[in-house]
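After the sequence you'll find the predicted model.
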Amino acid sequence: MDTKRTLNKMYALLEDRFGDLKWWPAESDFEVVVGAVLTQNTSWKNVEKAIGNLKKRRLMDLCAMTAVSASVLSREIKPSGFHRVKTRRLKNVCDFIAGTCGGDICRLRRYSYGRIKEMLLSVNGIGPETADSIILYAIRKPVFVVDAYTKRIFSRHGIIDEGASYDEVQGLVQEAFLEELKELGQLHALLVETAKMFCRKRKPLCGKCPLSIILPKRQRGR
């Protein structure tokens, strides 16, 4: 399989179907960071409710979120699930931004991708996917965010094995799109939308999917 050609074909088909999804939806870089933490193990629909609560309480701000009590913060982000755990993680991230970044996450732009990733992974509660989401959408360095949706679609199309690692999947995409910041973000968003609408975990709608024309014959109709 010509992986690079296949990935570019996927991108073209999905962009033709969905257009520019303008992802990540946020009014500030700090909101991107908060959203990246809140979206762990939940749907974006639930995250939107939690973000709405934070904005109503004027907590979508580093100083405000740092100062607010854990109990209040936990209550406001409850729609996102695992709210007590995520409260601790948000507090950890706030401490990191205040202490390491001088209050501005974008100050990390002067470092290499590898160094930024290392720094973010040192924060308790931030894993590879969350870190890369922050790096791509807030810090704006070109990197592909790998999630469960990506692995599902790629494995069903024979691009990766089901047990492929995060780094393996990321490497394939970045080899195809290199330093294209917009394309890497757009592809991530397109794959998320495709998985939600068509490439479902159970009972996928392969016949209606924009990618059906490049789906291996053995997979069609499953």
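Great, that's in hand.

Now the phi/psi pair for the residue nearest in space to the middle of the chain, please.
In the chain, the centroid-proximal residue (Cα atoms, centre = their mean) is S133; its distance is 4.6 Å. S133 has phi and psi values of phi -60, psi -40 when expressed as degrees, to the nearest 10.

That one and D29 touch, don't they?
No. Under the criterion of Cβ atoms under 8 Å, S133 is not in contact with D29, lying 11.9 Å apart. (C-beta placed from N, C-alpha, C; glycine too.)

Now for the two: what residues contact both?
Between them, S133 and D29 share no contacting residue under Cβ atoms under 8 Å, 6 or more residues apart in numbering.

quick one: low-confidence ranges for the protein?
Scanning the chain for pLDDT under 70 picks out 215-222.

What ranges does it have for its helices?
3-18, 29-38, 44-56, 62-67, 70-76, 83-100, 113-121, 128-137, 148-156, 166-177, 181-197 (DSSP state H).

of the ones you listed, which approaches P210 most closely?
For the helices of the chain, proximity to P210 was assessed by Cβ to Cβ; helix 3-18 is nearest, at 4.2 Å.

Dump that closest one to CSV, keeping only the CA atoms.
Taking Å, rounded to 0.1, in the frame of the first residue of the first chain, the C-alpha atoms of helix 3-18 are listed here in CSV:
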residue,chain,number,x,y,z
THR,A,3,0.3,5.0,2.6
LYS,A,4,1.1,8.6,1.7
ARG,A,5,-1.1,8.4,-1.3
THR,A,6,-3.9,6.7,0.6
LEU,A,7,-3.8,9.3,3.4
ASN,A,8,-3.9,12.2,1.0
LYS,A,9,-6.8,10.6,-0.8
MET,A,10,-8.6,10.2,2.5
TYR,A,11,-8.0,13.9,3.3
ALA,A,12,-9.4,15.0,-0.1
LEU,A,13,-12.5,12.9,0.2
LEU,A,14,-13.3,14.0,3.7
GLU,A,15,-12.6,17.6,3.2
ASP,A,16,-14.9,17.5,0.1
ARG,A,17,-17.6,16.0,2.4
PHE,A,18,-17.2,18.1,5.5
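
Show residues contacting that helix.
With Cβ under 8 Å, 6+ apart as the test, helix 3-18 has contacts from 157, 159, 172-173, 175-177, 183, 186-187, 190-191, 193-194, 210-211, 213-214.
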